[in-house]
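Asker: Need coordinates for the following:
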Amino acid sequence: MAMSMIQRRQDAERQRIEAYQASLRRVSAMPRPAPDFERAIEEAHRGFGMAVRDGRLWRPKLKTRDPARLRLAAARHLFALYPVPAALEAIWLDGSGLDAGEIKLRKTWYIVAAGGNSLYKAGANAWLSRKEVHCFLNVAGDVGFDEAFWFAIARSYTEDCGLAARLARTKIVRTPRGDLAFWREVVRFFCEHPASKEEIDDLSDYIAAMHRRDKAYSLKGRTLASLNRQMSVWHRDLAAIERIEAMRRRAAARAQPVAGEPAQNNAWAGSRLQDWEWAPPPKEAKAHGEWFSIRQLKTAEDLVAESRAMHHCVSSYATKCIASYASIWALRRKALGKIERLLTIELDPQHRAVQVRGFGNRLATPDERKILERWAKAKGVTLRD
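Answerer: Residues are numbered from 1 along each chain as shown. A predicted model of the protein is given here:
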């Protein structure tokens, strides 16, 4: 008896399933590669001749295959006689965003401290006092090198550990070490005039701009109130200057075709992270067709427009963006045919969120924070608490 069309389709589907299951039974799992201990020892020892133990005698009992963790374990074997804080060990795990000189400096500090020698005499005295070196080596918690460095400096000016820890989470920790003397005075100022982390970050932008303009700029005789007034004037000046500059660029772009010159691409390279979009499920959406996007701003006009619309100073970050020291991102919400600006985000070269601000420098709302967390998980971005 001839089979119907439906029976033939069902029979063909069964045959495909049986063939697929047979192929799965024939496939064998690929063996996992063994941890590369020799490479870890070589990377840890490279550039440093002195070791307290012979690398050939290393017999690690490690299951991890992570090269960074293996490198740290190798460094401990080669150089460590005493435990050191996580701030010094971090360089063996990740040195991205640091130049070769800074990487060598941090590894040298680790080797000196882990070997039980004087970090102060080994070169730290160029930046830190004996008291600050002691504080740096005894900082508690999982903090980075720069955070521990500035926490130690702040503790030399205040007995309040909470205030020192707050200062160690501000933008001050990312200032160049060549301007250490100036930023020491800034830390001293905020130890004498405590403020929130957000206010310190905002004032640090203003103070840095004033210092770039005039190397003799000083905080002596100033107060928080006077600094905030001066910062407000600076913001207004920035907005006016940037509006004029944006109009000049637009006029120059319109004039190029007339002169027979090719149009120039004014976008800088920016971060390698891709833009992101997300539409919440219909049950979660607060409006029909709700949609969110986070897009990188890579032109001066985009930065100026964001600064003007959001009433903050993100346009002053163009130099950092062009030099790849930072990237600026904008969170938008589209619903009912309208696009709403929500937040502006600054990321550092390691894709860590430095600051997140809304209109008038307000902080992110809980709902906006959830959107940011979804983006961070999808793109590997680190958000600060």
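
Asker: Residue 119 versus residue 239, what's the distance?
Answerer: 46 Å (C-beta to C-beta, to the nearest Å). Quick note: C-beta positions are derived from backbone N, CA and C, even for glycine.

Asker: If you could redo that for residue 179, that was the one I meant.
Answerer: Taken as C-beta to C-beta, the span from residue 179 to residue 119 is 22 Å.

Asker: Quick check: the residue nearest to residue 378 when sequence neighbours are not counted vs residue 304, distance?
Answerer: Excluding the flanking residues, the one nearest residue 378 by C-beta to C-beta, 6 or more residues apart in numbering is residue 276, at 6.2 Å. From residue 276 across to residue 304, the span is 23 Å (C-beta to C-beta).

Asker: Please say which of these two ends up with more neighbours.
Answerer: Applying other C-beta atoms under 10 Å to residue 276 and residue 304 shows that residue 304 carries more neighbours, namely 24 against 19.

Asker: pretty sure that one is touching residue 238, no?
Answerer: No: with contacts counted by C-beta atoms under 8 Å, residue 304 stays clear of residue 238, the gap being 9.6 Å.

Asker: Find residues that contact each of these two.
Answerer: residue 315 (C-beta atoms under 8 Å, 6 or more residues apart in numbering).

Asker: For residue 166, give me its contacts.
Answerer: 196-197, 200.

Asker: residues in contact with the closest residue to residue 269 other than its chain neighbours?
Answerer: Using C-beta to C-beta, 6+ apart and skipping residues adjacent in sequence, the residue nearest residue 269 is residue 324, 6.7 Å away. By C-beta under 8 Å, 6+ apart, the residues touching residue 324 are 269-271, 349.

Asker: Among those residues, find me the one that's closest to residue 48.
Answerer: Using C-beta to C-beta, residue 349 comes nearest to residue 48 of those, at 25.8 Å.

Asker: that older thread, give me the three-state assignment for the residue nearest to residue 269.
Answerer: Classification of residue 324 using DSSP: H, G, I helix; E, B strand; the rest coil returns coil.

Asker: now do the one 5 residues further on
Answerer: Secondary structure for residue 329, judged by three-state DSSP, is strand.

Asker: now it: how far from residue 155?
Answerer: Distance from residue 329 to residue 155, by C-beta to C-beta: 34 Å.

Asker: who's more crowded, those two?
Answerer: More crowded of residue 329 and residue 155, by other C-beta under 10 Å: residue 329, with 26 against 23.

Asker: and the more buried one, what are its bridge partners?
Answerer: residue 296, residue 345 (DSSP bridges).

Asker: Going toward the C-terminus from the worst-scoring helix or strand of the chain on mean pLDDT, what's the next helix or strand?
Answerer: Each helix and strand of the chain was given a mean pLDDT (mean pLDDT, DSSP states H and E); the minimum falls on helix 224-259 at a mean of 73. Counting by DSSP states H and E, the next helix or strand C-terminal to helix 224-259 is strand 276-278.

Asker: what are the phi and psi angles of the closest residue to residue 158 other than its chain neighbours?
Answerer: In space, residue 158 comes closest to residue 191 once its chain neighbours are excluded; the distance is 4.2 Å by C-beta to C-beta, 6+ apart. Per-residue torsions, residue 191: phi -70, psi -30 (degrees, to the nearest 10).

Asker: number of nearby residues for residue 191?
Answerer: Using other C-beta under 10 Å, residue 191 has 19 other residues around it.

Asker: wait, it sits on residue 157?
Answerer: Yes: at 4.1 Å, residue 191 and residue 157 qualify as touching, with contact defined as C-beta under 8 Å.

Asker: which residues touch residue 97?
Answerer: Per C-beta under 8 Å, 6+ apart, neighbours of residue 97: 348-350.

Asker: can you pull the pLDDT of it?
Answerer: pLDDT, residue 97: 87.

Asker: Remind me which helix or strand it belongs to.
Answerer: Going by DSSP H and E, residue 97 is not in any helix or strand.

Asker: Show the backbone phi and psi for it.
Answerer: phi 80, psi 0.

Asker: Could you shift the numbering so residue one becomes 9, and keep it that way?
Answerer: Will do, 9 is the new start, and the previous item becomes residue 105.

Asker: From residue 154, how far off is it?
Answerer: With C-beta to C-beta as the criterion, residue 105 and residue 154 are 11 Å apart.

Asker: Enumerate every residue touching the residue nearest to residue 166.
Answerer: Residue 199 touches 162, 165-166, 168, 171-172, 175, counting by C-beta under 8 Å, 6+ apart.

Asker: Of those, which is the nearest to residue 139?
Answerer: residue 165 (10.8 Å).

Asker: ok, how many other residues are close to that closest one?
Answerer: Residue 165: 18 neighbours (other C-beta under 10 Å).

Asker: That one: what's it in contact with?
Answerer: Going by C-beta under 8 Å, 6+ apart, residue 165 touches 195-196, 199-200.

Asker: again, but for residue 314
Answerer: 305, 322-323, 336, 338, 349, 352.

Asker: what's the answer for residue 215, then?
Answerer: Applying C-beta under 8 Å, 6+ apart, we find residue 215 in contact with 194, 225, 227, 235.

Asker: quick one: which two of those are the most distant?
Answerer: Checking the contacts of residue 215 with C-beta to C-beta, the most distant pair is 225 and 235, at 11.6 Å.

Asker: returning to what we had before: drop anything exposed from the contacts of residue 199.
Answerer: Buried subset of the contacts of residue 199 (neighbour count, 16 or more other C-beta atoms under 10 Å): 162, 165-166, 171-172, 175.

Asker: quick one: average pLDDT of stretch 196-212?
Answerer: For stretch 196-212, the per-residue pLDDT averages 96.

Asker: right, I mislabeled it, should have said stretch 112-125
Answerer: Taken as a whole, stretch 112-125 carries a mean pLDDT of 95.
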